[in-house]
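In: coordinates only, sequence not included:
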């Protein structure tokens, strides 16, 4: 979905959307059902201010146990939307406020991209199904949240066994 910047009236434009986000636009996971977004646009020349909220339920994969779990995104945002030609060629350095700036091309704002960016910013770097997730056993691969396999927590890397022998000699236990 694209919004033509020239068609934003002087008093502004308000959109209430239920939109399906293409999985390709998400850095991780997939949406479950449509994403709800409420976005207001206000234009001043070729500059646009966009603010609102995004609510979505996404399915992520736990970083510890590799099981899928639902994650709720409830994000609000306030962005400056500028034409792409505001980016100058050459070296670019970020300044304060640049993280709240996005760009549009050919006079059109990609609304789906704007919404997917807000979802991507809300996804945790290490998604966990629950804070105390036990993960998978490195020996047998069982999900420790579902079953106790009885394997020891400490797995010693076999490459370190010579160091273990040296430590035993030093302590006199060898």
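Out: Happy to help now that I have it. Quick caveat: nothing in here was measured; it's all calculated off a predicted structure.

In: And residue 100, how far from residue 51?
Out: For residue 100, the distance to residue 51 (Cβ to Cβ, to the nearest Å) stands at 10 Å. C-beta: built from backbone N, CA, C; applies to glycine.

In: between these two, who's got more neighbours?
Out: Taking neighbours as other Cβ atoms under 10 Å, residue 100 and residue 51 compare with residue 51 leading, 15 against 12.

In: Find residues that contact each of residue 100 and residue 51.
Out: Taking Cβ atoms under 8 Å, 6 or more residues apart in numbering as the contact criterion, the residues that touch both residue 100 and residue 51 are 78, 79.

In: what residue ranges in this protein score low on pLDDT?
Out: Residues of the chain that meet the criterion pLDDT under 70 lie in 88-99, 153-155, 174.

In: Could I get the full set of strands for the protein?
Out: Assigned by DSSP state E, the chain shows strands spanning 2-4, 13-19, 30-31, 35-44, 47-61, 68-83, 101-104, 108-110.

In: List the neighbouring strands of the longest one plus their orientation.
Out: Same thing as strand 68-83. strand 47-61 (antiparallel), strand 101-104 (parallel) (DSSP bridges).
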